[in-house]
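In: Quick one: sequence and predicted model below, then my questions.
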Amino acid sequence: MLEIAENGRTWVLSGPTSSYAVHLTEQDELLHLHWGPAIALADAEELAARPLPGASSFESRLDGREEYPVEGGPRFARPALSVRTPERRGTEWTFERYDTEGDELRLRFRDGGLAITLHYRTRGDVVERWTTLDNDGAEPLELLRADSATWTLPEREGWRLSQLHGRWAAESRLVRSDLTYGEKVIGSRRGHTGHQHLPWVALDTDATEERGEVYGCALGWSGSWRLAVAQLPDARVQITGGAGYDDSGLLLLAPGESFTTPVFAGLWSDSGHGGASRTWHTYQRMYVIPDADQDRPVLYNSWEATQFDISEDQQEVLARRAAAVGVELFVVDDGWFGARTSDRAGLGDWTPNPDRFPAGLKPLADRVHALGMRFGIWVEPEMVNADSDLYRAHPDWVQYQEGRKRTEFRNQLVLNLAREDVQEYLWEQLDGLLSSAPIDYVKWDFNRCFTDAGWPGEAYPQRLWVDHVRALYGLLDRLREAHPGVAFESCSGGGGRIDLGIMSRTDQVWTSDNTDPLDRLAIQHGFSQIHPARVMAAWVTDSPNTQLNGRVSSLRFRFVSAMAGVLGVGGDLSEWTEEELAEARRWVDLYKEIRPLVQHGDLYRLRPPTGGLSAVQYVRGDETVVLALLQAQHYGEPLPALRLRGLDPAASYECLETGEVHRGAVLLHHGLPTGLRGDLDATVLRLRRI
């Protein structure tokens with residue numbers, strides 16, 4: 001809901017439980033008024049009437065109070081906008097007007113030939129903000145920095161910052177720390193979202209999992225990015241974020257050109273970190289993820305079984321075994337195309353290897369469909385091997401610096417997707433591929449960061465950092481429109497490209513290359529702070545885990561861990577015993593029963609993966625399911641009881657596994673196996689209202 005004051009200078013956007021308010025002074029200063037519990041327009045007008053503190057020669061009365069700080073003028077805080085022209089640098093804007101379209105508010109400002117529009121929209125209790133910059137003048141404008149938004153928090157003492165950090169195979173690990181004076185900056189300078197940080201932060205003072213105020217912000221951008229959390233000298237806190245890592249130059253806007261920043265979304269919750277997470281999850285399922293109401297299928301991926309040594313017959317053997325355990329989607333991973341017998345060759349040549357697939361992919365896809373499964377493939381379109389037909393024909397199509405060595409990681413280079421000829425080549429290759437066979441699913445990988453991000457001959461080569469991402473989005477949008485039945489997964493060596501921007505164009509994400517079920521508990525716990533289980537791909541792979549750490553784990557533990565998201569199987573099924581295959585079938589059947597709750601229900605984190613017992617709960621309607629896993633048990637200590645959440649305290653619930661009936665607030669103690677160890681190191685408990 002949007003409310004506007006009669007004088008047209010105060011605006012209040014409200015969701016079911018929260019409000020966001022801004023005010024424009026007579027001096028065209030756009031001030032932040034309120035972000036928190038729901039308020040009325042009259043409350044916002046009362047806040048707007050309060051005078052700002054006086055300024056001094058050492059402090060600014062605007063710092064910490066402006067809605068979108070710009071560079072220049074009487075301010076010292078980090079600017080969200082920094083513009084350079086041939087004559088000057090900085091911004092001195094004046095207000096032109098506001099307008100609305102549906103539920104969107106637009107505040108329009110101008111500085112000479114630069115038109116600046118601030119956009120606001122509520123999606124439930126999530127506020128979406130972004131900025132559009134139009135060059136209406138006769139001279140080019142250089143955007144040194146153009147952040148999506150600046151978020152201002154109310155005055156509180158003792159702010160605590162939550163963030164998700166990591167590295168390859170150890171992504172999305174949650175850390176909370178006291179916020180101190182100065183700035184905390186996180187981001188990526190790697191050309192993609194990165195394994196090191198997810199573009200999300202949360203702040204609280206004393207919140208628990210289910211109680212207390214939490215503010216959260218998440219950026220929807222799949223390239224380099226930066227979030228800066230600043231505690232200013234007067235203890236106010238602001239969060240500024242957007243595309244690009246530094247201020248060396250983002251884009252050059254020629255006359256008539258425009259740049260729209262990515263969405264920077266924010267929310268307030270008074271239901272603790274768990275309530276904030278559930279609000280994020282609902283927002284993404286309703287407004288971000290394509291076809292989020294549809295169940296994601298159980299998949300099998302052939303990579304760990306075969307790696308590069310693949311053939312059509314061998315893939316069919318695996319497909320038959322996968323179908324027998326209840327798999328719904330069979331995916332051929334790397335090695336099906338070009339001269340791809342190792343990671344040293346073939347990237348860029350997206351045609352089936354004639355020795356391995358003499359008649360293309362269609363015969364195998366048809367046989368997979370005949371087994372009752374969908375068919376998928378792996379691609380890495382943004383990359384090229386030096387040993388490929390594409391690179392030999394177009395060595396200038398990669399990112400490189402003139403006169404410098406072309407750095408290779410994983411024996412590959414990054415295609416300059418900002419080039420229109422590269423975009424058109426990839427469109428023709430991928431459209432032709434998806435038209436050549438009944439392909440239902442594409443795992444889209446990105447296995448190295450930008451290094452030599454140059455573009456010889458281009459007048460403003462820095463633009464490739466932004467234009468690569470915009471071209472990626474355009475290519476995905478074009479493919480989805482042309483092939484509406486094809487689902488896409490975002491992968492980047494695991495969790496290196498996970499953000500709201502890529503999620504608006506893909507159906508699920510590959511959470512991590514680390515498939516060890518114990519390691520995955522911490523990764524999935526962090527992932528769930530912002531993103532829903534509906535997009536979180538998780539595989540059951542072989543034991544010992546030869547791909548990473550050699551850890552031995554039971555098939556039961558591996559399945560229960562992976563059932564917390566979109567279940568997949570990635571082990572070598574040709575080596576599984578008949579007993580293992582039969583057990584796998586039982587787990588897959590059980591997952592299909594609980595899938596509506598896991599993928600579409602409300603998530604409650606009952607116990608974090610920091611001690612002995614880890615447990616998550618999903619609630620949907622009258623049903624709930626608990627996944628409990630015992631990581632370790634010390635000195636024979638008794639297992640803690642699990643107090644379930646999100647249920648009707650006046651109702652009764654029957655546990656389908658034990659037959660016990662629980663009344664009121666459900667406390668699971670006897671419902672848990674008392675010897676949850678050994679072969680009973682994990683369990684699934686289903687409860688239904690009676």
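Out: Yep, it's here. Numbers count the residues shown, from 1 in each chain.
In: Counting residues, name the longest helix you see in this protein.
Out: helix 578-600 (DSSP state H).
In: packing partners for the helix or strand following it?
Out: Note on helix 578-600: by DSSP states H and E, the next helix or strand toward the C-terminus is strand 602-607. Secondary-structure packing of strand 602-607 (3 or more Cβ pairs under 8 Å, 6 or more residues apart in numbering; DSSP states H and E): helix 272-283, strand 613-620, strand 642-643. In short, each C-beta sits where N, CA and C put it, glycine included.
In: Show me what the longest one is packed up against.
Out: What that stands for is helix 272-283. Against helix 272-283 (3+ Cβ pairs under 8 Å, 6+ apart) you get strand 126-135, strand 197-204, strand 214-219, strand 264-269, strand 602-607.
In: The third one pairs with which strands, and in what direction?
Out: According to DSSP bridges, the neighbouring strands of strand 214-219, each with its direction, are strand 197-204 (antiparallel), strand 264-269 (antiparallel).
In: With the longest one instead?
Out: Strand 126-135 has these partner strands in its sheet, going by DSSP bridges: strand 114-123 (antiparallel), strand 258-260 (antiparallel), strand 264-269 (antiparallel).
In: pLDDT of it, averaged?
Out: Predicted confidence along strand 126-135 averages 98 (mean pLDDT).
In: neighbours of residue 183, just the number please.
Out: The tally of other residues near residue 183 (other Cβ atoms under 10 Å) stands at 13.
In: Could you look up the SS state of residue 16?
Out: coil (DSSP: H, G, I helix; E, B strand; the rest coil).
In: Against residue 271, how distant is it?
Out: 12 Å (Cβ to Cβ, to the nearest Å).
In: Mind checking which of these two has more residues around it?
Out: residue 271 (19 against 10).
In: Quick check: bridge partners of that one?
Out: The partner residues for residue 271, given DSSP bridges, come to residue 212.
In: Buried residues, the longest helix of the chain. List them.
Out: 580, 583-584, 587-588, 590-591, 594-595, 597-600 (16 or more other Cβ atoms under 10 Å).
In: which helices and strands sit right next to that helix?
Out: Partner elements for helix 578-600 (3+ Cβ pairs under 8 Å, 6+ apart): helix 312-324, helix 555-562, strand 566-569, strand 613-620, strand 623-630, strand 682-689.
In: repeat that for 10 Å
Out: Contacting helix 578-600 under the criterion 3 or more Cβ pairs under 10 Å, 6 or more residues apart in numbering; DSSP states H and E are the following elements: helix 312-324, strand 536-540, helix 555-562, strand 566-569, strand 613-620, strand 623-630, strand 682-689.
In: centre of the chain versus the first one, how much separation?
Out: Relative to its parent chain, helix 312-324 has a centroid offset of 32 Å by Cα atoms, centre = their mean, to the nearest Å.
In: Near the nearest residue to residue 448 once chain neighbours are set aside, how many other residues are there?
Out: Excluding the flanking residues, the one nearest residue 448 by Cβ to Cβ, 6 or more residues apart in numbering is residue 409, at 4.0 Å. Neighbour count for residue 409, taken as other Cβ under 10 Å: 13.
In: Appreciated, that's everything.
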